[in-house]
Structure formats: C-alpha cells, structure tokens
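A.B. asks: Sequence plus the predicted model coming up.
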Amino acid sequence: MTHLVLPNDTNQLGNLLGGKLMHWIDIAAALTAMRHSSRVCVTASVDEISFNEPIKLGHMVIIRSVITRAFRTSMEIFVEVWREDPLNGTRTHTSNAFLTFVGIDQYGKPLPAPPLQPDSKEEEERFEEAAIRREARLRYRETIKARRG
C-alpha cells in the first residue's frame, strides 16, 4: 500500500499521527490475511509496533505486509513501513509491526487457517520466529489469567 501524508494526517509537529499509521498497518495486514485465507479476517492482536523514524507531511508511506505463519485458526502478519521523500527520492525504513488475524464465518466464529509453506530462507526464519512469538503471547495470557485468579 502507498499513502501520501496530508495535513489531516499529521500532528502539530507536521509528523504523521501514530494512530493513523496504525490504522494503515492494520488494513495492510488484514488484506494479507484475507488473501491467504480467502475469508473475512479480524484483528486478534497487535503484538508489536515500532516507530523508529518520523514521517513528515508530504512524504509517501510505503507499507509491505507478509504472512509469516498460519496456526490452527490464526495467522501472524509482519508489516514493514518505509517513508519516501518525493522531492529527492530517498527512502527510509521507519516501522515494523506484528499482528495476528483470524478468519471468521458469518457468525463470527473462527475458521481453520490454510497452512503456509515457507519458500525461502528468510521465510523459514520468520516462520520459526512466529512460533516463538506465539508461545510468548500464550504464556503471557496464562500468566495474567493466573494472577487474576
């Protein structure tokens, strides 16, 4: 996806609002999950979003999302964000995010996610790392649940 940062998208410093970028990231990730599963998909979690560089008014925002792994009903999506200055063509990596999506039926019930087979070394690394992130998410949920009784 590509967007142009307009005045309505910025804060008082002339930088893209973090919430606006989060919105665009969520849409890009949802489209990736939908393409993989051929289902309506909903956001189950946002595990991590990093904002490493500001994106200024007038810059282009380039968002690239890929599925890293499909589990029983969930799919992890990795999103990279780049800014491009259209006046000089420089491109800078600004953000990364990991989101989890679930395909649902007409009643809102989760459906099995189609399997994913990594094709390259980079895809294989992301595939294995996705399992580690999933395990950490589940362990965190169990820890919080146990604390609450």
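C.D. replies: Good, I have the coordinates. Quick caveat: nothing in here was measured; it's all calculated off a predicted structure.
A.B. asks: What ranges does this protein have for its helices?
C.D. replies: Taking DSSP state H as the criterion, the chain contains helices spanning 18-37, 121-148.
A.B. asks: want to throw those helices into JSON lines with distance to residue 59 and mean pLDDT?
C.D. replies: (Glycine included, C-beta is placed from N, CA and C.) Listed next are the helices of the chain as JSON lines, based on distance: least, Cβ to Cβ, whole Å; pLDDT from 0 to 100:
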{"stretch": "helix 18-37", "distance to residue 59": "11", "mean pLDDT": "98"}
{"stretch": "helix 121-148", "distance to residue 59": "27", "mean pLDDT": "93"}
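A.B. asks: just those helices: most buried one?
C.D. replies: Ranked by mean neighbour count, the helices of the chain are led by helix 18-37 with a mean of 18 (mean count of other Cβ atoms under 10 Å).
A.B. asks: mind saving the C-alpha coords of that helix as CSV?
C.D. replies: Provided in CSV are the C-alpha atoms of helix 18-37 (Å, rounded to 0.1, in the frame of the first residue of the first chain):
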residue,chain,number,x,y,z
GLY,A,18,0.9,7.3,15.1
GLY,A,19,-2.7,6.2,15.2
LYS,A,20,-3.1,6.9,11.5
LEU,A,21,-0.1,4.8,10.7
MET,A,22,-1.5,2.0,13.0
HIS,A,23,-4.8,2.2,11.0
TRP,A,24,-2.9,1.8,7.7
ILE,A,25,-0.8,-1.1,9.1
ASP,A,26,-4.0,-2.9,10.3
ILE,A,27,-5.6,-2.6,6.9
ALA,A,28,-2.5,-3.8,5.1
ALA,A,29,-2.2,-6.8,7.4
ALA,A,30,-5.9,-7.6,7.1
LEU,A,31,-5.7,-7.7,3.3
THR,A,32,-2.7,-10.1,3.6
ALA,A,33,-4.6,-12.4,5.9
MET,A,34,-7.7,-12.2,3.7
ARG,A,35,-5.7,-13.0,0.6
HIS,A,36,-4.1,-16.0,2.3
SER,A,37,-7.3,-17.4,3.8
